[in-house]
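A.B. asks: After the sequence you'll find the predicted model.
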Amino acid sequence: MLSALGLGMWQNERVKESCGVFGVYAPGVPVAQVTYDGLFTLQHRGQESAGMAVSDGETIMVYKDMGLVSNVFDEHSLATLQGFLAIGHTRYSTTGSSTWKNAQPAYRPVGPAGFALGHNGNLTNTERLAEKAGMLPGMFTSDSDVLAELLAQAYQNQGDSDLNSAHALEKALLEVLPEIEGAFSLVLMDAFRLIGIRDPNGLRPLCLGEYREFGPDGAEHVTGWLLASESPALTVAGAKFVRELEPGEMVIIDDSGVRTFMPFEASRIKPSLCIFEFVYFARPDSILYNKEVHGARRRMGELLAKQHPVDADLVMGVPDSGVPAAEGFARFCGIPYGQGLVKNRYIGRTFIDPTPEARARSVRRKLSPLTENITGKSLVVVDDSFVRGTTSRALVKMLRDAGAKEVHMRFSSPPFKWPCFYGIDIPSRDELVAAHVPVDEIAQLIGADSVGFLSLDQLVEAIGVEGGRFCNGCLTGVYPSAVPDFEEAKAIV
Ligand code: AMP
């Protein structure tokens, strides 16, 4: 979601975020509690604000606030949110937009009970959409806000007799969806139905789950459905993973079950899941493209060891996301794996601190050395990615100060060189070290004895899914759909 304090911000300040979305349609189930559990599991996708909308069939109640899921809701608020249908959202943004107004779900009071919307991703034609909705710069606070407004207008513009129709939201969506571009995994609801939509590139994940119960006839029946950004949220909510939504798919869930539609032109459908979901963003126990993320990260480490071997005493991972790749690295090259860093569990995000000094301080607060495993040893330190180089520079110094003999940094992805337009928080190109410094000079820059990056083809090999099914724009500058003007981006439309 893009915070628009003015349209210029779109290109200049590059507000980025990636959120978690959740939805449940399950009569007889405490849906607010289930949504809480789902959002809690998706907290890694957003810790700035959390919210949910719940319907009892007559009224939609929306409850949202700034902060972690556990700070926003308590037993009392959950108890007041009674119904059989809910959506939830947890939000992760970076600059300028940390306000209650941008917390989601967004709600619009049209039709009998209104509708609510939760969005993960980043739209790339917000400016055009805002113009179409008659919203001037300053009149909207996020791309999701513009989307909700467009939908509300399309809903309202239906004839009077259609406004109360069971299909009014569906019709409004079919009118608006073809117009929107970029990354959007959406959950929506009116008073009676839950809707899930994945953009034609499937840039952000979204999956479907179900509740099953044994009936009096002894047979198992489906008693409810769920939608979630990532599959572990389904498991935690006590449901079973069914499948990922297809890129460009819309599912409508109501008392007649799940109906599926493909509302976008066939020519727009081009599966391009963000490869960074595999590298860093998704939970290790998530299923993406039918693969468990942890296994893919371990294989990244194995191939990294094959590509950039090193003679050392100990392999260690940068907690948390570097750990599976470190295990794979150690296993492949037969060097012992050990813990060399302790992560403070109570730390917030270090990535968005404003200055290099503040970021380096945050890394020191987040990670501390285990001296016993470090002193006098040659170390391989495996992290998932290299962006500004803050983490690795601070780590190399910390490990040397703790007595390491050698520090060899290995990364389980190629270095970032390009901006992301689809919702991953990547700083401006000026700050991306590898956009300006040749790879063979990076070791010197961060003070390491050597540096090695997994190549893109080996990354794809490790994941085990055909390379053409990913967006790797942040690594290559080639994007799967039109992106806002950016002088150096090579957009492929
Ligand atoms: P840097 O320190 O700037 O090189 O960034 C790389 C480190 O930040 C790695 O340890 C990653 O796990 C982490 N990281 C990379 N991208 C992001 C992101 N978008 N949000 C939060 N952390 C990130």
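C.D. replies: Yep, that arrived.
A.B. asks: would you put the C-alpha positions of the helix or strand encompassing residue 332 in PDB?
C.D. replies: Here residue 332, judged by DSSP states H and E, is contained in helix 323-333. The C-alpha trace of helix 323-333 is given here as PDB (Å, rounded to 0.1, in the frame of the first residue of the first chain):
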ATOM      1  CA  VAL A 323      19.700 -20.500   9.500                       C
ATOM      2  CA  PRO A 324      18.300 -23.100   7.100                       C
ATOM      3  CA  ALA A 325      20.700 -22.100   4.300                       C
ATOM      4  CA  ALA A 326      23.600 -22.300   6.800                       C
ATOM      5  CA  GLU A 327      22.500 -25.800   7.700                       C
ATOM      6  CA  GLY A 328      22.500 -26.700   4.000                       C
ATOM      7  CA  PHE A 329      25.900 -25.100   3.500                       C
ATOM      8  CA  ALA A 330      27.400 -27.000   6.400                       C
ATOM      9  CA  ARG A 331      25.900 -30.300   5.300                       C
ATOM     10  CA  PHE A 332      27.200 -29.900   1.800                       C
ATOM     11  CA  CYS A 333      30.800 -29.100   2.600                       C
END
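A.B. asks: close to the ligand, is that helix?
C.D. replies: No: remark: helix 323-333 sits outside contact range of the ligand, by Cβ under 6 Å from any ligand atom, the gap being at least 10.7 Å. For the C-beta atoms, the positions are set from N, CA and C on the backbone; glycine is no exception.
A.B. asks: how far does stretch 102-119 sit from the chain's center?
C.D. replies: 21 Å (Cα atoms, centre = their mean, to the nearest Å).
A.B. asks: List the buried residues for that stretch?
C.D. replies: Residues 102-108, 110-111, 113-119 are the ones in stretch 102-119 that count as buried (16 or more other Cβ atoms under 10 Å).
A.B. asks: Ok, stretch 264-279 next?
C.D. replies: Residues of stretch 264-279 classed as buried by neighbour count (16+ other Cβ under 10 Å): 264, 269-279.
A.B. asks: Excluding chain neighbours, what is closest to residue 426?
C.D. replies: Computed as Cβ to Cβ, 6 or more residues apart in numbering, the closest residue to residue 426 that is not its neighbour in sequence is residue 420, at 4.6 Å.
A.B. asks: Assign a three-state SS to that neighbour, would you?
C.D. replies: Of the three states, residue 420 takes coil under DSSP: H, G, I helix; E, B strand; the rest coil.
A.B. asks: what number of residues lie near it?
C.D. replies: Residue 420 has 22 neighbours, counted by other Cβ atoms under 10 Å.
A.B. asks: now residue 212, what's its secondary structure?
C.D. replies: strand.
A.B. asks: 48 is where my numbering starts, stick with that
C.D. replies: Renumbered: residue one is now 48, and that last one reads residue 259.
A.B. asks: ok, what's across the strand from the nearest residue to it once chain neighbours are set aside?
C.D. replies: Nearest non-adjacent residue to residue 259, counting by Cβ to Cβ, 6+ apart: residue 267, 5.0 Å away. With DSSP bridges as the criterion, residue 267 is bridged to residue 261.
A.B. asks: Show the model's pLDDT score for residue 143.
C.D. replies: For residue 143, the pLDDT comes out at 39.
A.B. asks: The residue nearest to residue 259 against residue 260, yeah?
C.D. replies: Yes: assessed by Cβ atoms under 8 Å, residue 267 is found in contact with residue 260 at 7.1 Å.
A.B. asks: now the closest residue to the ligand within the stretch 198-347 of the chain, what's its secondary structure?
C.D. replies: Nearest residue of the stretch 198-347 of the chain to the ligand, counting by Cβ to the nearest ligand atom: residue 327, 5.2 Å away. Three-state call for residue 327 (three-state DSSP): helix.
A.B. asks: quick one, what contacts residue 132?
C.D. replies: Applying Cβ atoms under 8 Å, 6 or more residues apart in numbering to residue 132 gives the contacts 71-73, 78, 101-102, 104, 236, 238-241.
A.B. asks: Who wins on neighbours among the residues you listed?
C.D. replies: Highest neighbour count within those, by other Cβ under 10 Å: residue 71, with 35 neighbours.
A.B. asks: For burial, what's the neighbour tally of residue 367?
C.D. replies: 13.
A.B. asks: thinking again about what came up before, next up, the contacts around the residue nearest to residue 259.
C.D. replies: 259-261.
A.B. asks: restrict those to contacts with the ligand.
C.D. replies: Among those, no residue is within reach of the ligand (Cβ under 6 Å from any ligand atom).
A.B. asks: Among those residues, name the buried ones.
C.D. replies: In the contacts of residue 267, nothing passes as buried (16+ other Cβ under 10 Å).
A.B. asks: who in the protein is up against the ligand?
C.D. replies: Proximity of the chain to the ligand, by Cβ under 6 Å from any ligand atom, involves residues 327, 365, 368, 398, 430-438, 471-472.
A.B. asks: Among those residues, which lie within helices?
C.D. replies: Among these, the members falling in helices (DSSP state H) are 437-438.
A.B. asks: so which one among the residues of the chain next to the ligand has the lowest pLDDT?
C.D. replies: At the low end of pLDDT for these is residue 398, which has 60.
A.B. asks: just the helices in the stretch 98-247 of the chain please.
C.D. replies: For the stretch 98-247 of the chain, the helices defined by DSSP state H, counting those that start in this stretch cover 116-119, 122-127, 173-179, 190-203, 207-210, 215-223.
A.B. asks: quick one, which of those is packed in tightest?
C.D. replies: helix 190-203 (a mean of 23; mean count of other Cβ atoms under 10 Å).
A.B. asks: Can you pull out the residues in contact with that one?
C.D. replies: Here helix 190-203 has contacts from 48-49, 51, 148-149, 151, 153-155, 157-158, 162, 164, 166, 169-170, 173, 176-177, 179-180, 182, 187, 210, 215-216, 218-220, 222-223, 226-227, 229, 231, using Cβ under 8 Å, 6+ apart.
A.B. asks: the inter-axis angle of that helix versus helix 215-223?
C.D. replies: Put simply, helix 190-203 runs at 110 degrees to helix 215-223, going by axes from the mean of the first three to the mean of the last three Cα atoms, to 10 degrees.
A.B. asks: Distance from helix 190-203 to the middle of the chain?
C.D. replies: 23 Å.
A.B. asks: got the contact list for the closest residue to residue 416 other than its chain neighbours?
C.D. replies: Nearest non-adjacent residue to residue 416, counting by Cβ to Cβ, 6+ apart: residue 449, 4.0 Å away. Contact analysis of residue 449 by Cβ under 8 Å, 6+ apart lists 416, 418, 421-422.
A.B. asks: Adding neighbour count, write those out as a markdown table.
C.D. replies: Formatted as a markdown table, the contacts of residue 449 follow (neighbours: other Cβ atoms under 10 Å):
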| residue | neighbour count |
| --- | --- |
| 416 | 20 |
| 418 | 13 |
| 421 | 24 |
| 422 | 13 |
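A.B. asks: Just put those residues in JSON lines and tack on secondary structure.
C.D. replies: What follows is the contacts of residue 449, written out as JSON lines (three-state DSSP):
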{"residue": "416", "secondary structure": "strand"}
{"residue": "418", "secondary structure": "helix"}
{"residue": "421", "secondary structure": "helix"}
{"residue": "422", "secondary structure": "coil"}
